[in-house]
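Engineer: here are the coordinates; sequence isn't available:
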C-alpha cells in the first residue's frame, strides 16, 4: 500500500488510492501484470492474493525503477504473448498514454479469457508528470473505451465527491507557497480539511466532482 503520513499535505490522496485498491482487490488473481508500476507500492499486497507479480514500466520513468521487473514502452505493443496474464493493473497510468484505445487493446490481448483489468485514472486533478499528461476521463468515456477494446462487465466507481476533491486541490495549490512560518499556518488547515472532507462527502455526496475513478472489467 501507499504510505499514509498523517502530517503530510496530501495523505488523503494516498488513502483514497489505497481504499480503491482494497475495494477491487477481489478481482486480482493468478499472474498479475502491473503496467506503469513505478515503485510498485502494491506488489506485496498483490502477492498476498495472487501467484505472480510482474511490474512493467518505462526505462525513463519519473519514478525510481528499482522495483521494475520488465522495461517496456507502454505506448507500443507489449512484449508479452496473447493470454499471458490473469490480471492487468494500471494505477494512475492511462492519463500518460497518448493513445488509450491502443493501450487497452494491448491489455485485452495479453489477458486470458475471463481475465480482469483493474485501473485507476484521475478526473478533476492537476497536470502532473508534464509533458506526458494527455487526458482526463469521465465514467462514460471509460465505459466506451473499455467496451470498444472488447471488455465486458465494466464497473466504474468514483473515488471521492466534491469535498475531498476540493480539499486536495486546495492543498496541492497552497503547498507551493509553504515556506517558513506560512507552512505552520497551513499545516493545521491541511490536516483539518483532510479529516473533515470524507465526512462531508458522505453527508453531501456529489460524485460528478470526483478526483478520480477506479475501474474493473473482464475479457470474455
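Structural biologist: Happy to help now that I have it. Since the model is a prediction, treat every value here as computed from it, not as a measurement.
Engineer: average pLDDT across the strand ranked longest in the chain?
Structural biologist: Secondary structure of the chain per DSSP state E: the longest strand is strand 111-122. Averaging pLDDT along strand 111-122 gives 98.
Engineer: again, but for stretch 16-31
Structural biologist: For stretch 16-31, mean pLDDT is 96.
Engineer: returning to that earlier point: for the longest strand of the chain, which strands pair with it and how are they oriented?
Structural biologist: Strand 111-122 has the following sheet partners, assigned by DSSP bridges: strand 85-91 (parallel), strand 212-218 (antiparallel).
Engineer: Going along the chain, name the strands of this protein.
Structural biologist: With DSSP E as the criterion, the chain has strands at 31-35, 52-57, 70-71, 85-91, 111-122, 152-158, 212-218.
Engineer: so can I have TSV of those showing mean neighbour count and distance to residue 103?
Structural biologist: C-beta here means a position set from N, CA and C on the backbone, and glycine is covered the same way. Output for the strands of the chain, formatted as TSV (neighbours: other C-beta atoms under 10 Å; distance: least, C-beta to C-beta, whole Å):
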stretch	mean neighbour count	distance to residue 103
strand 31-35	24	8
strand 52-57	20	12
strand 70-71	14	16
strand 85-91	25	8
strand 111-122	21	10
strand 152-158	15	16
strand 212-218	23	13
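Engineer: how about TSV for those strands, with distance to residue 43 added?
Structural biologist: Conversion of the strands of the chain to TSV gives the following (distance: least, C-beta to C-beta, whole Å):
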stretch	distance to residue 43
strand 31-35	7
strand 52-57	5
strand 70-71	13
strand 85-91	10
strand 111-122	14
strand 152-158	23
strand 212-218	18
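Engineer: Quick one: closest of the ones you listed to residue 182.
Structural biologist: Across those, residue 182 has its closest neighbour in strand 111-122 (27.5 Å, C-beta to C-beta).
Engineer: quick check, distance from the closest one to the centre of its chain.
Structural biologist: With C-alpha atoms, centre = their mean, to the nearest Å as the basis, strand 111-122 stands 12 Å off its chain's centre.
Engineer: residues making contact with stretch 9-16?
Structural biologist: If you take C-beta atoms under 8 Å, 6 or more residues apart in numbering as the criterion, stretch 9-16 is touched by 2-5, 8, 159-160, 164, 167-168, 171-172, 174-175, 178, 186-187, 190, 194, 197-198, 211-212.
Engineer: how about 7 Å then?
Structural biologist: Stretch 9-16 has contacts (C-beta atoms under 7 Å, 6 or more residues apart in numbering) with 2-5, 159-160, 164, 167-168, 171-172, 175, 190, 194, 197, 211.
Engineer: And for stretch 182-194?
Structural biologist: Contacts with stretch 182-194, where a contact means C-beta under 7 Å, 6+ apart, come from 9, 11, 12, 167, 170, 171, 174, 178.
Engineer: what's the answer for stretch 213-220, then?
Structural biologist: Residues contacting stretch 213-220 (C-beta under 7 Å, 6+ apart): 20, 23-24, 27, 108, 111, 113-121, 123, 137, 139, 142, 146, 150-159.
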